[in-house]
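# When you get a sec, could you give me coordinates for this:
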Amino acid sequence: MADRLSARAAIAAVTADFTESTAPREDTEADGPLGWSGYADSRARATARTGERESVVHGLATLGGHRCVLVSFEFGFLGGSLGQRTGDRLEAAYEEAVTRRLPLVSLIATGGSRMQEGMIALTQLHRVARASARLRAAGPAQLAVLRDPTTGGGWATLGAGADVILALPGAQVGFAGSRVRPPGADPLAYTAEGQLAAGQIDAIVPPEELAATLGHWLRALAHRDPAPQPAPVPAVLSVTGLPRTGWDAVVRARSASRPRAEAYLDAYFGMRLPLHGDRCGGTDPGLLCGFGLREGRPVAYVAQCGTATRPAGYRTAARVIRLADRLGVPVLTLVDTPGAANDAEAERAGAGAAIADAFAAVAAARVPVTTLVIGEGGSGGALALAAPDNTHVTADSYFSVIAPELAAAILKRSPDQVHATADQLRLRPQDLVDLGVARSVVRPGPPGAGAGSTRTGGDGSIA
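Modelled structure (predicted):
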């Protein structure tokens, strides 16, 4: 299980620079809004035990050299539960983040809403959700760290509603607390590890790495550029001439020895911070998403890894693109897929809606999106992640409305006509430039230094 640190110990573990904000008024009703017998005594004992007068502490902090509003839960105060005065403090923290235009970081450890305040406690979730929405509309990012436990309304608002969700190893995480789960429920589903596997959180971070990780995230997400420049086009990692035929282009793009997304991302970024999962219970290991720092500048990335992209992948991509758009961070997409997954499971998981969501995210983005096709560009499954006016291609890639084999089958052509069909589809990188689909075939060289349109000779070589 994760360590149950006090609110102030959790703060001290990530920063030595914390200034507590003035707390809102405290509860003056002896036994609370319901007159719950003994409630005042319970609060008094909690204060004597923890030194706190409520279940959250908040203030200004510096993490990794970046200012933020920091919220920390005190689980020792009535199980870190949310009551009316907790809502006051949380609302004040969000308001400070809005006023100062600072990101908000929450170190959460809570058992849910406070029973002794009944529905008054439960309605604090409306207040938190409204405050979170105001901060999101203002722009600054929200980061959550899930300590042990993070359950109930605290998970369903501050936790699951954050832009980036990190968790400590072994933390209990789930809407249902340990005493209200169905009999026989899989215990793994209520852990940080289970939630990561289900695409509900972005990463599990060991306690000793948390301070540095939060600093890196604030560095990437606190940057707001009102007029961001496009992400530079990555340099090509393979040295090869242009393909002579359409089928040559297909064979090259499908080669197992061709550089893949991981290699391109490693060459492009000095540091990467992954985002994981679609927050709907799905993940796609064939899609890499997150934010990276390139020469100190944040760039969001969405990269296909050569497999058929699943609905969870498109939903994750849309989530990342929309977050980057809100924060004013340019986006880089790497296209490499034979197409969208089209098996029965993908259809049941909403393939069409997920692809539509990815198209919509790219189309609505106000920040510039840069695309490099590094392998297969398979139909709409690839086009959904391609920038309409800033797509570039490598010499060992292709982009096509349909795979040549499938086109031949639909046209009722014999297998020996597949190669000729590939030529007719005009899917070679140089064809894509000629058609205006791509802006350039990228040449070898440093990232962003060598991209430019190529002229091609009659034999398909670069002129």
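# how far away is the nearest residue to R272 once chain neighbours are set aside from S81?
Counting by C-beta to C-beta, 6 or more residues apart in numbering, the nearest residue to R272 once its immediate chain neighbours are dropped is G292, at 4.4 Å. The C-beta positions use only the backbone N, C-alpha and C, and glycine is treated the same way. From G292 across to S81, the span is 38 Å (C-beta to C-beta, to the nearest Å).
# Those two - which one has more neighbours?
S81 (24 against 21; other C-beta atoms under 10 Å).
# ok, now which ones touch the more buried one?
55, 110-115, 121 (C-beta atoms under 8 Å, 6 or more residues apart in numbering).
# So what pairs up with the residue positioned nearest the centre of the chain in the strands?
Note on the chain: the residue nearest the mean C-alpha position is L275, at 3.7 Å, using C-alpha atoms, centre = their mean. Beta-bridge partners recorded for L275 (DSSP bridges): C289.
# That one is in contact with I201, isn't it?
No: taking contacts as C-beta atoms under 8 Å, L275 lies outside contact range of I201: 10.0 Å.
# can I assume G153 is in contact with H126?
No: at 10.0 Å, G153 does not count as touching H126 under the criterion of C-beta under 8 Å.
# In terms of packing, which of these two has more residues around it?
The neighbour comparison of G153 against H126 (other C-beta under 10 Å) goes to G153, with 22 against 11.
# The more buried one belongs to a helix?
Yes: according to DSSP: H, G, I helix; E, B strand; the rest coil, the state of G153 is that of a helix.
# I figured R258 hits G375, correct?
Yes: counting by C-beta under 8 Å, R258 does reach G375; the two are 6.0 Å apart.
# Output the below-cut-off pLDDT ranges for the stretch 151-300 of the chain.
Scanning the stretch 151-300 of the chain for pLDDT under 70 picks out 223.
# re the thing from before, what's the overlap in contacts for R258 and G375?
When contacts are counted by C-beta under 8 Å, 6+ apart, R258 and G375 have D396 as shared neighbours.
# between those two, which one's more packed in?
G375 (27 against 20).
# That one: which element?
strand 369-378 (DSSP states H and E).
# Please identify the pairing partners of that strand and their relative orientation?
Short version: by DSSP bridges, strand 369-378 pairs with strand 331-337 (parallel), strand 391-393 (parallel), strand 398-400 (parallel).
# Can you name the next helix or strand after it?
Defined by DSSP H and E, the subsequent element after strand 369-378 is helix 379-383.
# Now that following helix: average pLDDT?
Computed over helix 379-383, the mean pLDDT rounds to 96.
# Contact partners for E91?
Contacts of E91 by C-beta under 8 Å, 6+ apart are 127-128, 131.
# What distance do you get for the residue lying closest to A351 once chain neighbours are set aside to A361?
Among residues not flanking A351 along the chain, P311 sits closest, at 4.9 Å (C-beta to C-beta, 6+ apart). According to C-beta to C-beta, P311 stands 14 Å off from A361.
# cool, Q304 as well?
With C-beta to C-beta as the criterion, Q304 and A361 are 15 Å apart.
# who's more crowded, the two?
Using other C-beta under 10 Å as the criterion, Q304 and A361 rank with Q304 on top: 30 against 25.
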